[in-house]
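Q: starting from these lines, generate the structure:
(4 chains)
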Number of protein chains: 2
Amino acid sequence: MARNRPYTCGLDAAIDVVGGKWKATVLWMLEDQGPLRFGELRRRVPSVTEKMLIQQLRELEADGLVHREAYHQVPPKVEYSLTDYGRTLELALRPLGEWGHQNMARIEATHP
Amino acid sequence: MARNRPYTCGLDAAIDVVGGKWKATVLWMLEDQGPLRFGELRRRVPSVTEKMLIQQLRELEADGLVHREAYHQVPPKVEYSLTDYGRTLELALRPLGEWGHQNMARIEATHP
DNA sequence: CTCCGTACTGACCTTCTGGTGGGTACCTGA
DNA sequence: TCAGGTACCCACCAGAAGGTCAGTACGGAG
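A: Next up, the predicted model:
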């Protein structure tokens, strides 16, 4: 995402954090469906590529929104979950998600 | 913004609409400071370029979020304001804006 | 002994966003 | 006559975001 510092308002900052193409979806999934393994997450967001999903997860992890738990097994197993901080973001995103849900038809119609 | 249809959740759709670099700020300004002329808007969002501001306004207008009122005068005068639909979006964005405001220090620290 | 599944990594390429620097038309005031 | 202010438009370009395709390590199944 294009950085825009210093932020003129909280909205800038928030969009900076959650503006990646898949981040909101990942946050949503992790809140909605509990901790998920990498592969599970991937299967739930069908059109995302592995590289993209990893990239977004790494960024979310670096921002402290997502926790990564690796189990040292073979085959490898890694679980992703929301941190408390991540949960506060998800909460703040709810109204926006509902807005999008309610207006989806209109958005699809007017938005190129 | 990168389109992501069909949307997997309302959040996708909403971010698609509001994800432009300056859109949230413009929405915010128009709600907060009433109808504004092009030049006023420009002065309130200092780092935006004219081209970008116009582009974002056009898109917001096409999405039905912003109303454009041109007065046929010389020198030209154009006023931008939120539509009712735009106001509902602004409302849905509030919690996110507050989240960003409250966590701005953390965001600036952890976010590259 | 080769193939499968897991969770990645890296090189490379394409698409899109945002930025620069020019130009337009019109009237006003100096 | 000529600069100044308004609200734009257009061609071009740089860099970031996103995508494709290949490859890695490890053990178990066949």
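
Q: mind checking how far the most centrally placed residue in chain A is from DNA strand D?
A: Residue closest to the mean C-alpha point of chain A, counted by CA atoms, centre = their mean, is residue A:23 at 2.7 Å. In this view, residue A:23 and DNA strand D are 8 Å apart by CB to the nearest atom of the strand, to the nearest Å. Glycine gets a C-beta too; all of them are placed from N, C-alpha and C.

Q: dump the residue contacts of that residue.
A: A:17, A:56, A:59, A:60 (CB atoms under 8 Å, 6 or more residues apart in numbering or on different chains).

Q: surely the last one is in a helix?
A: Yes: in this structure, residue A:60 lies within a helix as judged by DSSP: H, G, I helix; E, B strand; the rest coil.

Q: contact partners for it?
A: A:23, A:26, A:27, A:66, A:86.

Q: ranking these by neighbours, who comes first?
A: The most crowded member of these, judged by other CB atoms under 10 Å in any protein chain shown, is residue A:26 (25 neighbours).

Q: how about the helix or strand where that one lies and DNA strand C, any contact?
A: Here residue A:26, judged by DSSP states H and E, is contained in helix A:23-32. No: applying CB under 7 Å from any atom of the strand, one finds helix A:23-32 out of contact with DNA strand C, separated by at least 12.6 Å.

Q: what residues sit buried inside that helix?
A: A:23, A:24, A:25, A:26, A:27, A:28, A:29, A:30, A:31 (16 or more other CB atoms under 10 Å in any protein chain shown).

Q: how about stretch A:50-69?
A: Applying 16+ other CB under 10 Å to stretch A:50-69 flags A:53, A:56, A:57, A:59, A:60, A:63, A:64, A:65, A:66, A:67 as buried.
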